[in-house]
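*Asks:* return a 3D structure for these sequence lines:
(chains A and B)
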Amino acid sequence: MKAAGPGGRRPLTSPGPVWPGCSQRYYVLAAALLPALCVTSLLRGSNEYSSNQDPNSQTANPAALKQLSLEQLSQIDVTTASKEPVPAFRSPVAIYVITGQDIRRSGVIAIPDALRLAPGVEVAQIDSSKWSVGIRGFGTRLSRDVLVLIDGRTVYTPLFAGTYWEVQDTLLEDIDRIEVIRGPGGTIWGPNAVNGVINIITKSSKDTKGLFASAGGGNVEQGFVNFRYGAGNSNGLTWRIYGKGFTRGPEYHPDRDNFDDWRGGQGGFRLDWSPKTNETFSLQGDLYKQEDGERVNASTYVPPMNYTFNGYEQASGGNVLFRWTKKLSDTNDYQLQLYYDRTNRSEPNLGDRLHAFDIDFQARRKLAKRQQLLYGVEGRLSPAHFVEVASGLVFSPPNRTNYLVSAFIQDEISLVENRLLLTLGTKLLHTNYTGAQAEPSIRLMWTPNQRQAFWAAFTHAVRTPSDAEEDFFLSSFLSTAPNGTETFARFNANPLFAPEKLNGYEIGYRQLIAKNVYLDVAGFFNNYHDLFSQDLAGPTYFETTLPFPINTPPPPPHYLLPAQFGNSLYGRTTGGEIAPEWRPVPHWRLLGSYSYLSMNLSRVPGIALGETPASVVGASPRHQATARSSVDVSDKLQIDLVYRYVSALPAVSAAAYSTGDARIAWRFRNGFELSAAGRNLLQPLHVEYTGDPGGSVWIRRSVFATLAWMK
Amino acid sequence: MPRVAPKQRLASRALVYIELFAGLLFAPLCSGADVSLEYSVKAAFLLNFTKFIEWPATAFANQQAPFEICILGKDPFGGVIDQIVLGEMAGNRALIVRRLGEASVPQTCELLYVGPELKDTAQTLSELPPGILTVGEGNRFLRAGGMIAFVIDDRRVRFDISQGAAEKAGLKLSAKLLTVARLVSR
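*Replies:* Numbering: from 1, shown residues only, chains lettered A, B, ... in the order given. Purely as a prediction, here's the structure:
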């Protein structure tokens, strides 16, 4: 289900040529013509830039091509696609591609907001710098069940299981696309791809030559600057450097305690070298530093016990990634990727330093006439160091090294040529917290004719335990007994925490209804076991010494209500997404989506202390709908409108809301573009998710202007 | 984040996305025996050339004469070029495709595509009457006296123009065409 490509976790779709600056109009055109474009075979292009063509090698739809302009024809990559293996595109999977142009045109500043463009994804802003993101349910601040990758680098943290969205950034201008896969992707993408995969892919430096600079600001986005410069030589070497900085104001706080201002900077580089047409070396890296205000809870065994306070989270980090891809033939290639990633987080209530060393190898090979094999191995080592700030939040031991080893194999079998494709595969993985785990999948795709496709899949996926479940002690002061002895409750580390498991059943249907109307429908039934829970572990007892060391003097003896992180929740989710796209005229796209989600969770006998079925279910919207209009009024003027509806999230005190975004951009002759964008325009304030202690943060209407220049 | 696009990068990545997406969706549908993307794109270019070049009236036998795209040598386009010209006009003239094989070039051709494997290209070109746009493959084609040569540059199909040769044949190349060309030589 994934393609060989520039990502270590290979992207599903191919990097294309540079996105057209002026218009996206052909997106829809092409969408409309999709089924007729036999691009799979297009992807099988010959190895050489020769005019000797293999008559069976590539195909494209003439009707689509002839509507392209001279410039557009000049930009079609007629061979890169050949580096993308056919099997990837034949795999049935619920995927939505947010293009770089989509991101820029929607006036998005942060990556989580861009994810709102995809069906089946729930994005709720908690405060200025924090979002809850989920796919097909289970939205949380760290998106525990979603695997996020940037150019093949996993940004999923083993500390708290999930993704710190606020530090996942790059120059949005350099994002080629974001592939959003709804549904389990464990077989190829690795553990924690339970509910979905978000694959952020930046452009090759080949496609970012020249100078780009932009600056702007508004009421919430108080100011931002972006810069990039790229160049290359005639020996196949290209590179770019970029930098960005921003400062963002706080959202609205009814108590006027505006704690959540946010500012940061990031810079990086990318270098791509193709000494031969079938071989590419890439080296890229990023460095960032930021601070965001947050309100946190902390607890200690001595006064002040439980307290809520404001402070700044200082986050910094960097990464460097090397990738080597070599194509031996159209059906035989391999890729080696190495990266190092470092994150430092110093939050008001705890801190940590993480390193990750990762090596990944993947290869593709044709087995028999109708069988294409994809396989790979990966190893990751993540030393972590915990910094104690409050004795109620302690990782023990403070220094740990997590590891992951995994291997996968997948075979794509063409049962009936061009009609029926069967995909079988499994991943085997082992981490320091789990025994061997398998993530098998079986997928079938039936394409009765050129305008219709049906697919179905069964997948098993796991979310591996993290430090937060197995090494974390979280305490809370409850009360003081009449004799003066204090009572605490504590989630004790649970070394027996089991992986969360999913058996996912999916179906999908796609149809080209008319020349310019396209429909994508997907449905799912997910059966979960051993979901994360917070359980009471026994009766209160008298504790004289803590079972783990702390940096402060030991607390006096106290009563303890023991609790632990467990696997007591289970249940089912059902739902589906429908995403139509219509292009009434060539310069106008209309896109819609409706996502339905029904969650039915239960827990095994026992007493919950915290997370309950209702608190999980009530944090994801049952209904979501979007409508988008994207129009090029002329070559100079672009207008984009987005309407969004999200139903209520009772567990996080968020009422149903509708809001809208808009962007208008005017392009001048000399490479300048002036744009004005507004987000959350339909009301001055609204609540999307109450996730901070102390009550809801209201998300403000945001308006900003940007001046950009490209040369 | 908004961006300013360089004017020369107007082509559609979106198309490619969607094509790829389409590949994902519909790949198994495709019956492989067809023409490469490279040649499909080239065929689309040929159609475009008819729109951005002005032929002298003397290039046509009469007002009603169709615009003929002639392919000399082995035909690399297969049926694609026929689908490309389907329903298209060159000005107010019907567009037709004529495969010449190794035969000599008739007067009625307005656009002559010269296949890469043709021998004696230079001599063939030198014997052509005016009013015929010649399109071929690679830089060698321009040196042999051709007017537009397809080249693969950075994995894209681009074209170089010999403006002098075209003008000598009485053809007027639009500024747009000259802008999009990779190289223009006099």
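*Asks:* which ones are touching A:Trp666?
*Replies:* A:Lys636, A:Leu637, A:Glu673, A:Leu674, A:Ser675 (Cβ atoms under 8 Å, 6 or more residues apart in numbering or on different chains). Placement of C-beta: from N, CA and C, glycine included.
*Asks:* now list the buried members of those residues.
*Replies:* Buried residues within the contacts of A:Trp666, counting neighbours by 16 or more other Cβ atoms under 10 Å in any protein chain shown: A:Glu673, A:Leu674, A:Ser675.
*Asks:* could you list which of the contacts of A:Trp666 belong to strands?
*Replies:* A:Leu637, A:Glu673, A:Leu674, A:Ser675 (DSSP state E).
*Asks:* now tabulate these in a markdown table and tack on distance to A:Arg182 and pLDDT.
*Replies:* Below are the ones in strands among the contacts of A:Trp666 laid out as a markdown table (distance: Cβ to Cβ, whole Å; pLDDT from 0 to 100):
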| residue | distance to A:Arg182 | pLDDT |
| --- | --- | --- |
| A:Leu637 | 34 | 92 |
| A:Glu673 | 33 | 94 |
| A:Leu674 | 36 | 97 |
| A:Ser675 | 31 | 97 |
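*Asks:* just those residues now: which is nearest A:Gln284?
*Replies:* Among those, A:Glu673 lies closest to A:Gln284 (Cβ to Cβ), at 26.5 Å.
*Asks:* what sits opposite the closest one in the beta ladder?
*Replies:* A:Arg667, A:Ala708 (DSSP bridges).
*Asks:* low-confidence ranges, chain B, go.
*Replies:* Applying pLDDT under 70 to chain B flags the ranges B:1-35, B:154-155.
*Asks:* what segments of it are strands?
*Replies:* Going by DSSP E, chain B shows strands at B:53-54, B:67-72, B:89-90, B:93-101, B:109-114, B:133-137, B:148-153, B:156-162, B:172-173, B:183-185.
*Asks:* any bit of the fourth one sitting next to chain A?
*Replies:* No: residues of strand B:93-101 are not located near chain A by Cβ under 8 Å from any Cβ of the partner chain, the shortest gap being 11.0 Å.
*Asks:* and that strand, what other elements does it pack with?
*Replies:* Judged by 3 or more Cβ pairs under 8 Å, 6 or more residues apart in numbering or on different chains; DSSP states H and E, the packing partners of strand B:93-101 are strand B:67-72, helix B:80-85.
*Asks:* quick one: contacts of the last one?
*Replies:* It refers to helix B:80-85. Counting by Cβ under 8 Å, 6+ apart, A:60, A:62-63, A:65-66, B:34-35, B:39-40, B:43-44, B:46-47, B:69, B:71, B:95-97 sit against helix B:80-85.
*Asks:* hang on, A:Gly376 packs against A:Gln410?
*Replies:* No: here A:Gly376 does not reach A:Gln410: they are 9.1 Å apart, not a contact under Cβ atoms under 8 Å.
*Asks:* list residues touching both of the two?
*Replies:* With Cβ under 8 Å, 6+ apart as the test, A:Gly376 and A:Gln410 both reach A:Ile188.
*Asks:* starting at the chain centroid, how far to stretch A:535-555?
*Replies:* With Cα atoms, centre = their mean, to the nearest Å as the basis, stretch A:535-555 stands 37 Å off its chain's centre.
*Asks:* oh sorry, the question was meant for stretch A:470-487
*Replies:* 37 Å.
*Asks:* that stretch: end-to-end distance?
*Replies:* 23 Å (Cα to Cα, to the nearest Å).
*Asks:* quick one: residues contacting B:Ala61.
*Replies:* B:Ala61 touches B:Gln107, B:Thr108, counting by Cβ under 8 Å, 6+ apart.
*Asks:* please disregard the earlier target; I meant A:Gly137.
*Replies:* A:Glu122, A:Asn195, A:Asn526, A:Thr573, A:Gly575, A:Leu597, A:Met599, A:Ser620.
*Asks:* may I see the helices and strands packed on strand B:93-101 organised as CSV, with distance to A:Gly264 added?
*Replies:* Shown next, in CSV, are these (distance: least, Cβ to Cβ, whole Å):
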stretch, distance to A:Gly264
strand B:67-72, 57
helix B:80-85, 50
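*Asks:* with mean neighbour count as added columns, please give the ones you listed in a markdown table.
*Replies:* A markdown table is the format used below for these (neighbours: other Cβ atoms under 10 Å in any protein chain shown):
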| stretch | mean neighbour count |
| --- | --- |
| strand B:67-72 | 23 |
| helix B:80-85 | 22 |
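*Asks:* figure out which of those is closest to A:Leu560.
*Replies:* Comparing those against A:Leu560 with Cβ to Cβ, the closest turns out to be helix B:80-85 (76.3 Å).
*Asks:* and that closest one, how far from the chain's centre?
*Replies:* The answer for helix B:80-85 is 12 Å, by Cα atoms, centre = their mean.
*Asks:* go on, stretch A:108-124?
*Replies:* Worked out by Cα atoms, centre = their mean, stretch A:108-124 lies 9 Å from the chain centre.
*Asks:* and the end-to-end length of it?
*Replies:* First residue to last in stretch A:108-124 (Cα to Cα) measures 14 Å.
*Asks:* that older thread, relative to A:Phe491, which of the strands of chain B is closest?
*Replies:* strand B:156-162 (57.5 Å).
*Asks:* pull the helix or strand with minimum mean pLDDT from chain A.
*Replies:* helix A:39-42 (a mean of 26; mean pLDDT, DSSP states H and E).
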